[in-house]
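Chemist: My questions concern the predicted model and sequence given below.
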Amino acid sequence: MGSKASQTDNGIENLDPIAISEAQFDRAARLVKGLKRGLVDFLKKPKRVNIVNFPVEMDDDSVQSFQGFRVQHNRVFGPSKGGIRYHPDVTMEEVILLAELMTWKCALVNLPFGGAKGGLVCDPKQLSERELRRITRRFTSELFDELGPHQDIPAPDLYTSEQTMAWIFDTYDKLHPGFNNRPVVTGKPIEMGGSYGRYEATGNGCLFATQRFLSKGLIPDYKDVAGMSVAIQGFGDVGAVAAHGFHREGARIVAVSDSKGGIYDEAGLDPAEVEAFKGERGTVVGLADTMTITNEELLELDCDILLPAALGNQIHAGNAANVKARIVVEGANNPTTPAADRILQERKIHVLPDILANAGGVTVSYYEWVQNQINEQWDYDTTTEKMRRKIHEAMDDVFDRWEAFVVGEETPRNSLPDFRTVALVIAIERVAHATLMRGIWP
Ligand code: NAD
């Protein structure tokens with residue numbers, strides 16, 4: 001989590017979330033031409049940061065005080081959008097960083113949203129369902145007029161679920177009667193206006209981004225994922241769905257992991273078998289005929305595609321030189337640090353950045369919001385196909401712009417930018433130009 005990262009220095013680089021986001025932003029902003037410095041500086045900062053403190057009665061009649069954050073980074077294109085996470089280590093700095101990431105992600109995929117993020121400091125594993133419900137209702141009511149279908153739209157994140165979203169919707173609906181309030185939150189249960197394809201969206205999006213990237217011909221011998229070997233860190237919602245997708249398309253899943261460790265099989269794992277085993281034992285570790293490896297070893301495996309789908313800061317200055325994959329596909333948010341980005345680039349390992357590779361989730365969330373407004377529910381194929389097109393378009397935009405740098409049309413003074421930087425250049429430009437088109441107020 002962010003707080004740990006912000007306190008920790010791995011001895012080689014600064015892992016403070018704000019420092020990381022500034023480094024990434026500054027690298028891209030240098031390539032954004034013709035924008036006033038003050039505007040670029042404004043885009044870096046969150047529009048609004050809400051900090052709320054509130055008491056809740058616990059099951060044992062004690063009273064506990066909780067602190068929550070909701071950060072709205074930008075609203076130039078429309079309402080702000082982003083998940084709410086529940087975790088004992090969540091910090092405001094981390095939430096600010098993640099809200100900013102959402103702004104660039106939405107802009108890159110051309111969604112009519114800005115970025116937001118929320119966090120509540122609590123340990124959900126120590127709380128009963130009734131306590132979680134009371135905490136969620138109170139947190140939502142504290143944010144009363146900050147949230148809204150056309151203002152700020154939460155979604156699930158770390159340790160929040162569709163049940164949490166149902167409680168948020170219900171609370172908001174009680175406080176704002178007489179309106180169609182379904183679009184106030186996405187990631188809802190299907191029977192309450194959730195979208196088919198949302199659960200699978202982020203993992204599927206990782207696959208679609210990789211397939212489109214490979215079709216560009218930058219990786220010799222491979223125009224598609226068939227026959228490629230894939231190592232996936234994290235076998236949760238994103239990692240497991242991605243494993244199924246890559247496997248279905250003919251890739252070999254050589255390793256997967258969770259918080260307890262990883263498993264390796266050079267011949268290829270069957271994701272359905274891994275899932276069934278994890279369902280029974282609570283971990284992937286121990287599956288028959290597999291070799292147990294550590295999460296650190298997984299990142300350094302000899303494979304074609306490395307897909308981090310767990311935590312941030314996993315590929316850093318200390319291990320980037322040992323990564324052997326040809327492509328890193330960022331299922332997780334911020335899994336690669338700026339120092340690691342530079343090392344991977346020098347080693348000609350391409351990184352498909354989080355704001356592109358994992359944007360499938362927010363894209364289908366956007367479709368949930370659209371469906372809720374017109375009171376429709378589309379099927380899985382419809383939402384997945386629409387999302388595939390959005391991810392392909394975004395990959396094309398990034399690739400075309402990157403090629404323009406390569407052939408020198410926009411040759412930067414220093415080195416050739418990586419895909420993260422190019423994706424950020426596009427996103428920053430879009431938000432900056434929209435800000436100017438609207439006209440700086442007053
Ligand atoms: P999840 O909780 O379902 O799964 C996380 C997985 O990571 C679990 O298998 C867990 O055991 C594993 N894990 C935890 N600690 C680990 C460690 N130290 N080493 C290795 N594995 C560890 O979460 P998720 O929804 O799959 O999200 C994964 C990542 O993707 C997060 O960074 C999240 O922010 C990001 N993301 C998710 C979505 C989405 O739609 N779910 C969208 C965009 C980005």
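Modeler: Right, received. Where do you want to start? Bear in mind that the values here come from a model prediction, so they are computed numbers and not experimental data.
Chemist: Would you verify that residue 394 is located in a strand?
Modeler: No: per DSSP: H, G, I helix; E, B strand; the rest coil, residue 394 lies outside any strand segment and is helix.
Chemist: Can you tell me how far it is from residue 149?
Modeler: Remark: distance between residue 394 and residue 149 (C-beta to C-beta, to the nearest Å) = 25 Å. The way it works is simple: take the backbone N, C-alpha and C, and place the C-beta from them, glycine included.
Chemist: Name every strand pairing with the helix or strand hosting residue 115 and say which way it goes.
Modeler: Using DSSP states H and E, residue 115 sits in strand 114-121. Its sheet considered, strand 114-121 pairs with strand 63-72 (antiparallel), strand 80-86 (parallel) by DSSP bridges.
Chemist: closest to the ligand out of these?
Modeler: strand 80-86 (7.5 Å; C-beta to the nearest ligand atom).
Chemist: ok, then the element right after the closest one?
Modeler: helix 92-108.
Chemist: Quickly check: that following helix near the ligand or not.
Modeler: No: Helix 92-108 stays clear of the ligand (C-beta under 6 Å from any ligand atom), getting no nearer than 7.8 Å.
Chemist: pLDDT averaged over that helix - what is it?
Modeler: Here helix 92-108 scores 96 as its mean pLDDT.
Chemist: mind checking how far it is from the chain centre?
Modeler: Between the centre of helix 92-108 and the centre of its chain there are 9 Å (C-alpha atoms, centre = their mean, to the nearest Å).
Chemist: Could you check how far residue 150 is from the ligand?
Modeler: 23 Å (C-beta to the nearest ligand atom, to the nearest Å).
Chemist: Please, which helix or strand holds that residue?
Modeler: Judged by DSSP H and E, residue 150 forms part of no helix or strand.
Chemist: Number of residues surrounding the residue lying closest to it once chain neighbours are set aside?
Modeler: Take residue 150 and drop its neighbours on the chain: the residue closest to it by C-beta to C-beta, 6 or more residues apart in numbering is residue 79, 5.2 Å away. Neighbour count for residue 79, taken as other C-beta atoms under 10 Å: 20.
Chemist: Verify the contact between residue 79 and residue 114 for me.
Modeler: Yes: with contacts counted by C-beta atoms under 8 Å, residue 79 reaches residue 114, the gap being 7.2 Å.
Chemist: picking that back up, helix or strand right after the strand holding residue 115?
Modeler: Once strand 114-121 ends, the next helix or strand along the chain (criterion: DSSP H and E) is helix 129-142.
Chemist: Just the mean pLDDT for that next one, thanks.
Modeler: On average, helix 129-142 scores 98.
Chemist: That helix relative to strand 63-72, how many degrees between them?
Modeler: Relative orientation of helix 129-142 versus strand 63-72 (axes from the mean of the first three to the mean of the last three C-alpha atoms, to 10 degrees): 50 degrees.
Chemist: Give the buried residues for helix 129-142.
Modeler: By 16 or more other C-beta atoms under 10 Å, the buried positions in helix 129-142 come out as 131-140, 142.
Chemist: again, but for stretch 147-155
Modeler: 147-149, 152-155.
Chemist: same check, this time on stretch 208-228
Modeler: Going by 16+ other C-beta under 10 Å, stretch 208-228 has these buried residues: 208-214, 222, 225, 228.
Chemist: show me what contacts the residue of the chain most remote from its centre?
Modeler: Of all residues in the chain, residue 61 has its C-alpha farthest from the mean position, at 37.5 Å, by C-alpha atoms, centre = their mean. Residues in contact with residue 61 (C-beta atoms under 8 Å, 6 or more residues apart in numbering): none are found.
Chemist: how far away is it from residue 203?
Modeler: 43 Å.
Chemist: do the same with residue 154
Modeler: Taking C-beta to C-beta, one finds residue 154 at 21 Å from residue 203.
Chemist: Quickly note the distance from residue 62 to residue 122.
Modeler: 14 Å.
Chemist: Counting neighbours, go ahead and name the busier of those two.
Modeler: Remark: of residue 62 and residue 122, residue 122 carries more neighbours, 22 against 8, as counted by other C-beta under 10 Å.
Chemist: Got the confidence number for the residue nearest to that one when sequence neighbours are not counted?
Modeler: What sits nearest to residue 122 in space, not counting adjacent residues and going by C-beta to C-beta, 6+ apart, is residue 86, at 5.4 Å. The score at residue 86 is 97. That number is its pLDDT.
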